[in-house]
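Novice: need a 3D model of the sequence below.
(one chain, ligands or ions: 1)
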Amino acid sequence: MDKLVIEGGVSLNGPIRVSGSKNAALPILLACILPEGPVCLHNVPRLRDIHTTLKLLDILGCETSFEGNTVCSEVKDLKIEAPYDLVKTMRASVLCLGPLLALKGEAKVALPGGCAIGARPVDLHLTAFEQMGATFDLDSGYIHGKCDKLKGAHIHFDFPTVGGTENVLMAASFAEGETIIENAAREPEVVDLANFLIACGAKISGHGTSIITVQGVPSLKGSNYKVMPDRIEAGTYMVAAAMTDGELLIQDCPFQELESVVYKLRKMGVSLEEEEGGVRVRRANGLLSGVDITTQPYPGFPTDMQAQLMTLMCLANGAGTIEEKIFENRFMHVQELVRMGANIKLKGRTAMIRGVERMTGAPVMASDLRASASLVVAGLAAEGRTDVQRIYHLDRGYEKLEDKLSAVGAKVWREKE
Ligand code: UD1
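Specialist: Okay, the predicted model is just below:
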């Protein structure tokens, strides 16, 4: 197993480029099951979750290639089963349920287990498909879904689930008649998926709002599509610049999509300016102050940036709070940050952070993707050496992280644990 070693206390300076979005690429790759003919996707990040998804596409009967950051895929002989070995390593595998039900009228997808950040059920996905005419059995740990032909339906999500909206969007594109999704997720990655489906011939409107309308079409055609840049990666670099009191020019930055994060960072005393070539990030006048944050569905503050902002608050003047409203149990970075000198108290789903003058390096353990990112950012600013163990979490979501950070001055390298 690899770990990341960081000699902290170095300011990061220079240009840093954001890769394609993992959370947009995953559903778009699974949507490649739907069109006839080849699909080519550009700006696909080379990450573990993407390789897992390509393996799943292979098993489902697609022929795929991955060169540079371009994936090409074509359906040959579509199968209906997503095995547990893959699903257990990547929960997003459940997103093949919608396309398979729509195309084959049957799907067997291993039920994703709990994960480090909570139970994360898929009940909202299943209820929506039931409304579209599917029935489900639980068979030896597999969700076994069947339907004659999926029919358009009026779906109202109790919660604007990202994965649920994406799953239904894919299925509805190919279902019979009209589907209306109310209380749909408005995340930019949902919009990117909708735009991809539209490029393949789907009839979708309202994506990016909470009511999406889809007119099913009898077939979709392969197309070329460029995946959006990763807003969470970009946000993580914003925090890294402020944390190390450096100045980064973030290239390919989806600035509009980061509005809630930018708002809080500015309140903390971070200067973010859009210019030709990117977004320039540095501290406005040297000092940072604490803020209060509540995670919300988009356009609210993203849960995937919660751990990184908490880390930045560890070095701010005064106190701030973070309330986590999307996932239970997403505070596992707290104990590790405390080991590095942070002052954080937890009460239920709220963390109270009091700024400290400095943090010190320590061996720490990554527990999930965004927690790992926060520990790396903490290590960059801390005095001395930080060893971030279980770095495989980071490899799921950050392309060439240590290369990119080294290029802007960080002392960071990979070692065997
Ligand atoms: C996606 C993102 C993840 C991000 C999250 C919230 C991907 C691959 N992952 O996850 O990085 O943190 O959105 O922005 O895009 N829920 C249910 N029942 C359901 C579905 C969800 O109770 O059927 C609950 C979940 O347990 C969770 C909350 O709703 O507490 C949010 O889940 P959801 O919006 O579906 O997130 P994901 O698609 O899993």
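Novice: who touches the nearest residue to Y84 once chain neighbours are set aside in this structure?
Specialist: Distances taken as CB to CB, 6 or more residues apart in numbering place A110 nearest to Y84, at 3.7 Å, with adjacent residues excluded. All C-beta atoms are positioned from the backbone trio N, CA, C, and that covers glycine. By CB atoms under 8 Å, 6 or more residues apart in numbering, the residues touching A110 are A82, P83, Y84, L86, V87, K88, S93, G141, Y142, I143.
Novice: break the chain into its domains for me.
Specialist: Domain ranges of the chain: 2-19+229-416, 22-226, per automatic domain parsing.
Novice: and the end-to-end length of the shortest one?
Specialist: With CA to CA, to the nearest Å applied, domain 22-226 spans 13 Å between its terminal residues.
Novice: quick one: that domain near the ligand?
Specialist: Yes. Domain 22-226 reaches the ligand (CB under 6 Å from any ligand atom) through 23, 26, 92, 118-125, 159, 161-164, 189.
Novice: quick one, helices of the stretch 1-150 of the chain?
Specialist: For the stretch 1-150 of the chain, the helices defined by DSSP state H, counting those that start in this stretch cover 22-31, 48-59, 84-87, 97-104, 123-131.
Novice: so where's the stretch 51-200 of the chain uncertain?
Specialist: 113-120 (pLDDT under 70).
Novice: V122 against V162, yeah?
Specialist: No. Counting by CB atoms under 8 Å, V122 does not reach V162; the two are 11.9 Å apart.
Novice: what's the closest of the contacts of A110 to the ligand?
Specialist: For these, the residue nearest the ligand by CB to the nearest ligand atom is S93; the value is 9.9 Å.
Novice: can you get me a residue count around that closest one?
Specialist: 24 (other CB atoms under 10 Å).
Novice: wait, it sits on A82?
Specialist: Yes. Here S93 reaches A82: they are 5.2 Å apart, a contact under CB under 8 Å.
Novice: joint contacts of these two?
Specialist: L56, V109, A110.
Novice: which ones are touching G208?
Specialist: For G208, the contact set (CB under 8 Å, 6+ apart) comprises R186, P188, V190, V191, A194.
Novice: hang on, I meant S11
Specialist: The contact partners of S11, taken as CB under 8 Å, 6+ apart, are T244, D245, G246, E247, G409.
Novice: contact residues of the stretch 201-350 of the chain facing the ligand?
Specialist: Contact residues, the stretch 201-350 of the chain versus the ligand (CB under 6 Å from any ligand atom): P302, T303, D304, I326, F327.
Novice: which secondary structure state does the residue lying closest to I198 once chain neighbours are set aside sit in?
Specialist: Excluding its sequence neighbours, the residue lying closest to I198 (CB to CB, 6+ apart) is I204, at 5.6 Å. The local conformation at I204, judged by DSSP: H, G, I helix; E, B strand; the rest coil, is strand.
Novice: hang on, isn't I204 packed against V217?
Specialist: No. Under the criterion of CB under 8 Å, I204 is not in contact with V217, lying 10.0 Å apart.
Novice: counting neighbours, go ahead and name the busier of the two.
Specialist: Ranked by neighbour count (other CB under 10 Å), I204 and V217 place I204 first, with 20 against 15.
Novice: how far away is that one from A172?
Specialist: 8 Å (CB to CB, to the nearest Å).
Novice: can you work out which residues contact both of these two?
Specialist: Residues touching both I204 and A172 (CB under 8 Å, 6+ apart) are V214.
Novice: most centrally placed residue in this structure?
Specialist: N23 (4.0 Å; CA atoms, centre = their mean).
Novice: surely that residue is in contact with V191?
Specialist: No. Counting by CB under 8 Å, N23 does not reach V191; the two are 11.8 Å apart.
Novice: circling back to that earlier point, which strand residues bridge the residue nearest to I198?
Specialist: Beta-bridge pairing of I204 under DSSP bridges involves V214.
Novice: tell me how far the residue nearest to Y84 lies from the ligand.
Specialist: In this view, A110 and the ligand are 16 Å apart by CB to the nearest ligand atom, to the nearest Å.
Novice: cool, S173 as well?
Specialist: S173 sits 18 Å away from the ligand, taking CB to the nearest ligand atom as the criterion.
Novice: quick one, phi/psi of that residue?
Specialist: Here is the backbone geometry of S173 (degrees, to the nearest 10): phi -60, psi -30.
Novice: what's near enough to touch H154?
Specialist: Contacts of H154 by CB under 8 Å, 6+ apart are Q131, T179, I180, E182.
Novice: of those residues, grab the buried ones for PyMOL.
Specialist: In PyMOL, this line selects whichever of the contacts of H154 come out buried by 16 or more other CB atoms under 10 Å:
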select buried, resi 131+179+180
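Novice: could you dump the contacts of H154 into a markdown table and include distance to V10?
Specialist: Converted to a markdown table, these look like this (distance: CB to CB, whole Å):
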| residue | distance to V10 |
| --- | --- |
| Q131 | 54 |
| T179 | 52 |
| I180 | 52 |
| E182 | 49 |
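Novice: pick the one among the contacts of H154 closest to the ligand.
Specialist: Taking the contacts of H154 together and measuring to the ligand by CB to the nearest ligand atom, the closest member is Q131, at 13.4 Å.
Novice: doesn't G152 make contact with that closest one?
Specialist: No. Using CB under 8 Å, Q131 makes no contact with G152, being 9.7 Å away.
Novice: who's in contact with L401?
Specialist: L4, V376, L394.
Novice: most neighbours, which of those?
Specialist: Neighbour counts for the contacts of L401 (other CB under 10 Å) peak at V376, which has 26 neighbours.
Novice: for the closest residue to that residue other than its chain neighbours, what is the enclosing helix or strand?
Specialist: Counting by CB to CB, 6+ apart, V376 lies nearest to V388, which is 5.8 Å off, once chain neighbours are set aside. Counting by DSSP states H and E, the element that carries V388 is strand 385-389.
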